[in-house]
Every structure is written in C-alpha cells, then in structure tokens.
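> take this sequence and fold it.
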Amino acid sequence: MVSPTNVIITGAAGRMGKRLVALVAASSRLQLSGATEAEHHPALGTDAGELAGCGRLNVAVTDDLAAVLPQADVVIDFTAPAATLGHLSQAVRYTRAMVIGTTGLSPDDVAQLRRHAESIPCVQAPNMSVGINVLLKTIGTVAQALGEDYDLEIVEAHHNKKKDAPSGTALKLAEALAAAKGWDLDQTGVYARHGMTGERPQQAIGIQTLRAGDIAGDHTVLYGGPGERIEITHRAHNRDPFARGALRAAEWVVHQPPGLYGMADVLGL
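Purely as a prediction, here's the structure:
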C-alpha cells in the first residue's frame, strides 16, 4: 500500500486554506501533517479540521512552520507574496517540495522563487484549476487560426475582497495570446479605457477587471471579428477547482527533481 503524501497547509484559516484542509481530510492519498497561520492570528491553537468544518483532525493551527516541516512532504501555500517567500525559504531549508498558488507576485518575487526552486521541486501557478490550464493551452491556437481581423479582449471578475488586479490568471491568458501572436504584452496590453481613446489599435489585448460580491473567478477570452465574435468563458462556481488542482500538484511534485514547474507540467500539457 502506498503511503499518503503528508501535506502542510499555510494560511489554514483563510477561505482557500479551509477548503484545502477539508479536501485533504477527504482524500485517501493525502494526509494533513500541519496547518499554519500568521503570528497572533485568532485561529492559532484551533484544530484545523474543526476550523474547516470537516471534523477534528488533531492538527492544531500553529504560527511555527519550521516545527511541522520535518513531518511533511509538501507545503501548499495560498497566502500573500511576502508570506509565501518566507515559507519558501523555510521549505528550502528543510528540503521540502512546495505548491504555490499565491497571486500578486512581483518580478522580483518571481526571481527569488526561481532561485529557491533550484533547490526544491516547486509548482507555481496563479490558477490551478484544470479547466483554466486547458484553456491556457488552447486560446493561442484559436487566435492564430482567426488571423488579424479579430480583436482580442479578456474580461475577468472576482469577489470584492481580492487585492490584486488584473488577476494573475487574466495576465497568464494575456501572455498566452501575446505569445501566439508574437506580440510584446508590455506594449500591447490595455488595462483601462476612459475618455476619448481613439480607435482601437489592431495590436492590442484588452484586459478588463470586475470586482463584485463573492464571485470565485470568471474569465472570458473574446475574439471580436467582422460580423461575429467568439467568447470562451471559464467560471469557477467555488474555490474547489483551485484547491483540487493544488492537491493534484502536491501529489505530483513530491516525485520531481528540483525545479520550477507549472500546472501544464502537472497535467502533462
């Protein structure tokens, strides 16, 4: 019988953290070996399973990642950039794999992540949904096939608590379109329109942001051409698609050599 993969969830009291804890608890292939939160968080000392609503797991939420790392195989992190980098440095110290779904990483953050991933296997993706990652694989092919007469737009919508905009997923979609067209996204990305903007340039990728209510995550890629348009939309009904993708990545990454991987690697795309 194969031993389960031992998982630590950071940010275990957050919305995503609670779903990750609950789904790990429901899995026969994964086992929760640790759950962490920030220093002084009110959930410290609470049983992670009871906090997640899935029953007692006898894993107390702690602010000391180093104390639980020795019994883990992999850390799953959906927190904030500064916290993620701190967790990553500790994972490197203990030579533990890591799965990172944190968004809002700066270029400097990504550079640090790449350096750390020279020592441990690490999966990093702004969106770990299987559906979104299949979409990322296909939208460039559609753009190439449609040709120059079709304008490219991305519309993303998330809940009103999301702190970064546009979403990391929207940026990944835009990068995929730009790569397929041979464009520089820094030159062709359009993130806001107001006033007399003039005619839309042909080489442009519009990326528009909506924030409202409790939307888990909607992304639409729109190809607008003469007399027709194509819209490809992915809607996350809740956080489970992201959490399930992260768990799939956790099972996969513990068997990989050091390096930085994406969900395309996990899914064999």
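> looking at this, Gly245 is in a strand?
No: following the definition DSSP: H, G, I helix; E, B strand; the rest coil, Gly245 is helix and is not counted among the residues of a strand.
> what's the distance between the spatially closest residue to it that is not a sequence neighbour and Asp240?
In this structure, Gly245 finds its nearest non-sequential neighbour in Met128, 3.1 Å apart by C-beta to C-beta, 6 or more residues apart in numbering. All C-beta atoms are positioned from the backbone trio N, CA, C, and that covers glycine. In this structure, Met128 and Asp240 are 11 Å apart, going by C-beta to C-beta, to the nearest Å.
> so for those two, which residue has more residues nearby?
Taking other C-beta atoms under 10 Å, Met128 and Asp240 do not tie; Met128 has more neighbours (29 against 15).
> does the more buried one touch Gly101 like I think?
Yes: in this structure, Met128 is within contact of Gly101 by C-beta atoms under 8 Å, at 5.5 Å.
> quick one: common contacting residues for those two?
Common neighbours of Met128 and Gly101 are listed as Phe242, Ala246 (criterion: C-beta atoms under 8 Å, 6 or more residues apart in numbering).
> now the strands: where do they sit in the stretch 151-269 of the chain?
Along the stretch 151-269 of the chain, the stretches classed as strands by DSSP state E, counting those that start in this stretch are 151-158, 189-190, 205-211, 217-225, 228-236, 259-261.
> list the contacts of the residue nearest to Gly245.
Shown in contact with Met128 (C-beta under 8 Å, 6+ apart): Val99, Gly101, Pro241, Phe242, Ala243, Arg244, Gly245, Ala246, Arg248, Ala249, Met263.
> out of those, who's the most crowded?
The residue in the contacts of Met128 with the most neighbours, by other C-beta under 10 Å, is Val99 (30 neighbours).
> that residue in helix, strand or coil?
For Val99, the secondary-structure state derived from three-state DSSP is strand.
> heads up, I number from 138, so please use that
Noted, 138 is the first residue going forward, which turns the last one into Val236.
> so what's it up against?
With contact taken as C-beta under 8 Å, 6+ apart, Val236 is in contact with Val211, Val212, Ile213, Asp214, Cys259, Val260, Gln261, Met265, Ala383, Ala386, Ala387, Val390.
> which one of those residues is nearest Gln345?
Distance to Gln345, by C-beta to C-beta, is smallest for Met265 among the contacts of Val236, at 23.2 Å.
> so that closest one is in which element?
Met265 is part of no helix or strand, with elements assigned from DSSP states H and E.
> which of the contacts of Met265 sits closest to Ala159?
Taking the contacts of Met265 together and measuring to Ala159 by C-beta to C-beta, the closest member is Ala380, at 8.4 Å.
> wait, doesn't the closest one sit right on Lys155?
No: contact status for Ala380 versus Lys155: not in contact, 9.4 Å apart, counting by C-beta under 8 Å.
> now the contacts of Met265 as JSON lines including distance to Gly362 and pLDDT?
Putting the contacts of Met265 into JSON lines (distance: C-beta to C-beta, whole Å; pLDDT from 0 to 100) gives the following:
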{"residue": "Val236", "distance to Gly362": "39", "pLDDT": "98"}
{"residue": "Gly238", "distance to Gly362": "34", "pLDDT": "95"}
{"residue": "Pro378", "distance to Gly362": "30", "pLDDT": "94"}
{"residue": "Phe379", "distance to Gly362": "32", "pLDDT": "94"}
{"residue": "Ala380", "distance to Gly362": "37", "pLDDT": "95"}
{"residue": "Arg381", "distance to Gly362": "35", "pLDDT": "96"}
{"residue": "Gly382", "distance to Gly362": "32", "pLDDT": "96"}
{"residue": "Ala383", "distance to Gly362": "36", "pLDDT": "97"}
{"residue": "Arg385", "distance to Gly362": "36", "pLDDT": "97"}
{"residue": "Ala386", "distance to Gly362": "36", "pLDDT": "98"}
{"residue": "Met400", "distance to Gly362": "30", "pLDDT": "94"}
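> for those, which one is nearest Ala180?
Comparing every one of the contacts of Met265 with Ala180 (C-beta to C-beta), the shortest separation belongs to Ala380, at 18.1 Å.
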